[in-house]
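Participant: Show me how the following folds:
(one chain, ligands or ions: 1)
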Amino acid sequence: MRSLIDIQELTTSEIEELIAVSEDIIAHPEKFSQKCAGKKLATLFFEPSTRTRLSFEAAMYELGGNVIGFSEGASSSSAKGESVVDTVKTVSCYADIIAMRHHKEGAPLVASLKAGIPLINAGDGGHNHPTQTLADLFTIKKEKGGFENLVIGLCGDLKFGRTVHSLISALSRYENIKFVLISPEELAIPDYIKEEILKKKNIEYTEVSEMQDVMPELDILYMTRVQKERFFNEADYIRLRDSYILNNEKLLNAKKDLSILHPLPRVNEIAVEVDADPRACYFKQVLNGKYIRMALILKLLEVEV
Ligand code: NCD
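Facilitator: Down below sits the predicted model:
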């Protein structure tokens with residue numbers, strides 16, 4: 001039995017396989033429509049979510065399965081003081097697989113050790129978000145054809161942005177990639193990612209604070225929201241929240257085949273006018289996320305495909 005807590009738990013060929021299954025689901029949805037009949041997914045969300053929770057739920061329904069769960073800790077017994085471990089031990093009596101989002105880094109890992117059924121980390125605090133990374137990888141594969149020889153700009157809150165951490169971790173296995181890390185100094189990528197991933201694997205990266213200067217060299221621009229909920233004081237958030245606002249003017253010197261990604265939700269960091277630009281991929285990313293979560297559920301439930 002396997003869970004998915006960190007994107008590194010998947011081998012490169014397993015990622016390829018998940019992408020291939022996702023493509024098969026898109027081409028032949030009817031082949032998959034009853035694959036999870038009789039199975040239940042539990043979505044245990046202790047933090048707000050639109051895309052991740054609803055895409056997991058849509059994914060399970062499209063596989064013929066059912067869904068139970070809660071969308072805020074306040075409506076579960078955790079509000080009475082129940083531990084995460086007791087919660088998942090309980091839920092595993094009712095469900096076959098769990099998707100859990102929690103504000104505490106490491107909570108899904110601890111829960112997975114006791115769950116007795118596969119558990120998927122749907123985001124843990126400012127740490128990791130492996131299924132968003134699968135959606136990102138699937139999108140990059142579709143847009144760029146592969147993961148090698150790419151210059152990837154990551155812009156915004158690189159300190160608290162869990163999607164950024166997981167994406168760097170995943171992409172660091174491919175050849176000839178370069179990261180351009182664009183953030184205010186206070187929201188720079190954590191040292192542990194530099195030490196344990198970028199430096200250890202000898203990956204080229206630069207850290208800059210201006211988006212404009214680096215725009216022409218990027219193949220991918222991954223925008224992120226400043227993570228309000230992780231700040232200790234509101235004044236800092238207000239000062240930093242509009243550090244970067246991507247608009248049509250800023251894209252004038254970008255590559256013609258740039259791909260603009262964003263895990264969403266966006267606040268101000270991408271002007272709505274950019275949505276009409278063919279290089280904007282963030283709503284495609286949303287849809288890709290549903291298909292790759294379908295593939296992941298099938299894999300962890302060990303359903304024959
Ligand atoms: C992200 C998250 O929750 O980390 N959203 C998502 O899952 N698509 C990004 C964010 O909230 O900024």
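
Participant: which residues touch stretch 74-90?
Facilitator: 44, 46, 70, 73, 98, 100, 102, 104, 107, 110-112, 114-116, 119 (Cβ atoms under 8 Å, 6 or more residues apart in numbering). The C-beta positions use only the backbone N, C-alpha and C, and glycine is treated the same way.

Participant: cutoff 6 Å now
Facilitator: Stretch 74-90 is contacted by residues 70, 107, 111, 114-115 when judged by Cβ atoms under 6 Å, 6 or more residues apart in numbering.

Participant: first to last residue in it, what's the distance?
Facilitator: 17 Å (Cα to Cα, to the nearest Å).

Participant: Now find how far off-centre it is within its chain.
Facilitator: 25 Å (Cα atoms, centre = their mean, to the nearest Å).

Participant: Can you tell me the element the nearest residue to L63 once chain neighbours are set aside falls in?
Facilitator: Setting aside the residues directly before and after it, L63 is nearest to C36 in space (Cβ to Cβ, 6 or more residues apart in numbering), at 3.8 Å. Element membership of C36 [criterion: DSSP states H and E] is none; it lies in no helix or strand.

Participant: where do the helices sit along the stretch 51-200 of the chain?
Facilitator: 51-62, 84-91, 107-115, 130-144, 162-171, 191-193 (DSSP state H, counting those that start in this stretch).

Participant: so how far is the last one from its chain's centroid?
Facilitator: Between the mean C-alpha point of helix 191-193 and the mean C-alpha point of its chain there is a distance of 19 Å (Cα atoms, centre = their mean).

Participant: Over to the fourth one?
Facilitator: When C-alpha coordinates are averaged (Cα atoms, centre = their mean), helix 130-144 and its chain have centres 9 Å apart.

Participant: anything in that helix sitting right up against the ligand?
Facilitator: Yes. Judged by Cβ under 6 Å from any ligand atom, helix 130-144 comes into contact with the ligand through Q132.

Participant: ditto for stretch 162-169
Facilitator: Yes. Stretch 162-169 lies within reach of the ligand by Cβ under 6 Å from any ligand atom, at 162-163.

Participant: ok, and what's touching that stretch?
Facilitator: 7-8, 123, 126-130, 132-133, 136, 154, 158, 193, 197, 224, 263.

Participant: let's see 7 Å
Facilitator: 7-8, 123, 126-130, 132-133, 136, 154, 158, 179, 193, 197, 222, 224, 263 (Cβ atoms under 7 Å, 6 or more residues apart in numbering).

Participant: Now a PyMOL select for only the buried ones of the residues you listed.
Facilitator: Burial among the contacts of stretch 162-169 is assessed by 16 or more other Cβ atoms under 10 Å; the matching PyMOL selection reads:
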select buried, resi 7+123+126+127+128+129+130+132+133+136+154+158+179+193+197+222+224+263
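
Participant: Tell me which entries of the contacts of stretch 162-169 lie within strands.
Facilitator: 123, 154, 179, 222 (DSSP state E).

Participant: quick revisit: got phi/psi on the residue nearest to L63?
Facilitator: phi -110, psi 20 (degrees, to the nearest 10).

Participant: what about it, how many neighbours?
Facilitator: C36 has 24 neighbours, counted by other Cβ atoms under 10 Å.

Participant: Give me the pLDDT value at it.
Facilitator: As predicted, C36 sits at a pLDDT of 98.

Participant: Skip the chain neighbours and tell me the closest residue to Y291.
Facilitator: Closest to Y291 by Cβ to Cβ, 6+ apart is S22, at 4.1 Å.

Participant: Would you pull up how far the helix or strand in which the one you found is found lies from the middle of the chain?
Facilitator: Element membership for S22 (DSSP H and E) is helix 12-27. Averaging C-alpha positions (Cα atoms, centre = their mean) puts helix 12-27 17 Å from its chain's average.

Participant: residues contacting the most centrally placed residue in the chain?
Facilitator: In the chain, the C-alpha nearest the mean C-alpha coordinate belongs to Q132, at 1.8 Å (Cα atoms, centre = their mean). Residues near Q132 by Cβ under 7 Å, 6+ apart: 52, 163, 166, 263.

Participant: Pull up the residues of the stretch 51-200 of the chain that are close to the ligand.
Facilitator: 51-52, 123, 129, 132, 162-163.

Participant: Which one of those is nearest to E273?
Facilitator: Comparing these against E273 with Cβ to Cβ picks out R51 as the nearest, at 22.1 Å.
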